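Engineer: below: sequence and its predicted model.
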Amino acid sequence: MMATSKKEKFLAYNTLAILLMSMKNHILQVETKNESTIIGTMRDCDGYGNLVLHKAKLITAFGKQVQCVEVHVKASAIRYVHLPDSIDPIKSMKTQLNYYSRQLMPPKYQKN
Amino acid sequence: MYSVTRPDSSIYHKEDCCKANIDSTEMGDGTLYITEIDVVWCTNENRGFKLQYGDIAVHAISTDSQAFPEECFYVMYNRNLLNEDESNDEDEPSVSEVRFIPSDKDHLKAMFNAMSDCQCLHPDEEDDSDFSAPEDDVNYEGGAAGEGFYTGEEGIEHLTPQGLATMQRLEAMLGENGHGESGDGGKLDLVAIKRFRSKQMYFYF
């Protein structure tokens, strides 16, 4: 679903998008710049930081709640992402970087 | 609502019999077009509205019957669509909730995927980017583990003049030695060029 361009790869390796990518299947709380909050299970994140959350609850600035099956949040719309307390950010980022670089290698060079 | 032209190309998804609703205001029945350039919804009288990807903050499939009686495709838009003429100062964040209600609910997933794909085509411009290099082109080949690895024709356009000169010299060398192919528009199959920020070049055979 998410295209992998050179710019996206660069951003994945050099920004905190990699931390978001490591949060797959965790429940995240996202605060957007337009004062909305979205709480859901993170399913996908690309190098830009665009998020896809499943089974999410969207709470608008006016307090209205909307239950959603699937939500796509644009990276530029995100103000904060609340991470689960249980995770170790540094460890998660290192694991994700290894995983990501293996995914990007041409198949014949992948060890597994 | 205003006059819109129906898109005729780069359409990722077209949904006929699709109602639209902006901030709980019914807009009627019409056709939704999710294209590479923008999102267009219009009635049979060719009146409707357009959404720009840059202003679409969130899109979702909503099945919440309390928020809205029908399953719908929800879009959170960073502009006040109903009161376009109001000269709202840009400091105050204005949000519109746009809902598209297709008659066939099975198409919601396809609409979501189409919009997600088109959002990928419109990545955000970083205003205060730390990565804006002094050069005109940001060097996306550098960084922690950035790979500027090219094989074949695609790599040519990424070469600097210095890189191009070096490539031509190498190809001449390879041609002399009888293996590889000398340049005919640049076959890079035997040469991988990796460029670091310090502008040094390393060559792998």
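Structural biologist: Sure thing, it's come through.

Engineer: show me where pLDDT drops low in chain B?
Structural biologist: In the predicted model of chain B, residues B:84-93, B:126-158, B:176-205 satisfy pLDDT under 70.

Engineer: please, where are all the strands along it?
Structural biologist: In chain B, the strands defined using DSSP state E lie at B:2-3, B:11-22, B:25-35, B:38-42, B:47-52, B:56-62, B:72-77, B:96-102, B:192-195, B:201-204.

Engineer: the closest residue to B:Cys17 other than its chain neighbours: neighbouring residues, count only.
Structural biologist: Spatially, and ignoring its direct neighbours in sequence, B:Cys17 is nearest to B:Ser103 (4.2 Å; Cβ to Cβ, 6 or more residues apart in numbering or on different chains). Bear in mind the C-beta positions are built from the backbone N, C-alpha and C, glycine included. Using other Cβ atoms under 10 Å in any protein chain shown, B:Ser103 has 12 other residues around it.

Engineer: in a markdown table: the strands of chain B, plus mean neighbour count.
Structural biologist: Compiled in a markdown table, the strands of chain B are given as follows (neighbours: other Cβ atoms under 10 Å in any protein chain shown):
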| stretch | mean neighbour count |
| --- | --- |
| strand B:2-3 | 10 |
| strand B:11-22 | 18 |
| strand B:25-35 | 19 |
| strand B:38-42 | 23 |
| strand B:47-52 | 18 |
| strand B:56-62 | 25 |
| strand B:72-77 | 25 |
| strand B:96-102 | 22 |
| strand B:192-195 | 18 |
| strand B:201-204 | 11 |
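
Engineer: just tell me which of those strands ends up closest to A:Glu70.
Structural biologist: For these, the distance to A:Glu70 is smallest for strand B:56-62, at 4.9 Å, taking Cβ to Cβ.

Engineer: quick one on the thing from earlier: would you list the strands of chain B in a markdown table and tack on distance to A:Leu104?
Structural biologist: As requested, these are exported to a markdown table (distance: least, Cβ to Cβ, whole Å):
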| stretch | distance to A:Leu104 |
| --- | --- |
| strand B:2-3 | 45 |
| strand B:11-22 | 26 |
| strand B:25-35 | 29 |
| strand B:38-42 | 31 |
| strand B:47-52 | 31 |
| strand B:56-62 | 27 |
| strand B:72-77 | 32 |
| strand B:96-102 | 35 |
| strand B:192-195 | 15 |
| strand B:201-204 | 17 |
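
Engineer: nearest to B:Leu170 among the ones you listed would be which one?
Structural biologist: Shortest distance between B:Leu170 and the strands of chain B, using Cβ to Cβ, is found for strand B:201-204: 6.9 Å.

Engineer: that older thread, nearest to A:Leu83, out of the strands of chain B?
Structural biologist: If you check each of these against A:Leu83 by Cβ to Cβ, strand B:56-62 wins as the nearest, at 19.5 Å.

Engineer: adjacent strands (with direction) for the closest one?
Structural biologist: strand A:65-73 (antiparallel), strand B:72-77 (antiparallel) (DSSP bridges).

Engineer: could those go into JSON lines alongside distance to A:Gln29?
Structural biologist: As requested, these are exported to JSON lines (distance: least, Cβ to Cβ, whole Å):
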{"stretch": "strand A:65-73", "distance to A:Gln29": "12"}
{"stretch": "strand B:72-77", "distance to A:Gln29": "16"}
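
Engineer: ok, which of the ones you listed comes nearest B:Ser65?
Structural biologist: Distance to B:Ser65, taken as Cβ to Cβ, is lowest for strand A:65-73 among the strands paired with strand B:56-62, at 8.8 Å.

Engineer: same question for whichever helix or strand comes after the closest one, mean pLDDT?
Structural biologist: Later in the chain than strand A:65-73, the nearest helix or strand by DSSP states H and E is strand A:78-82. Confidence for strand A:78-82, expressed as mean pLDDT, is 95.
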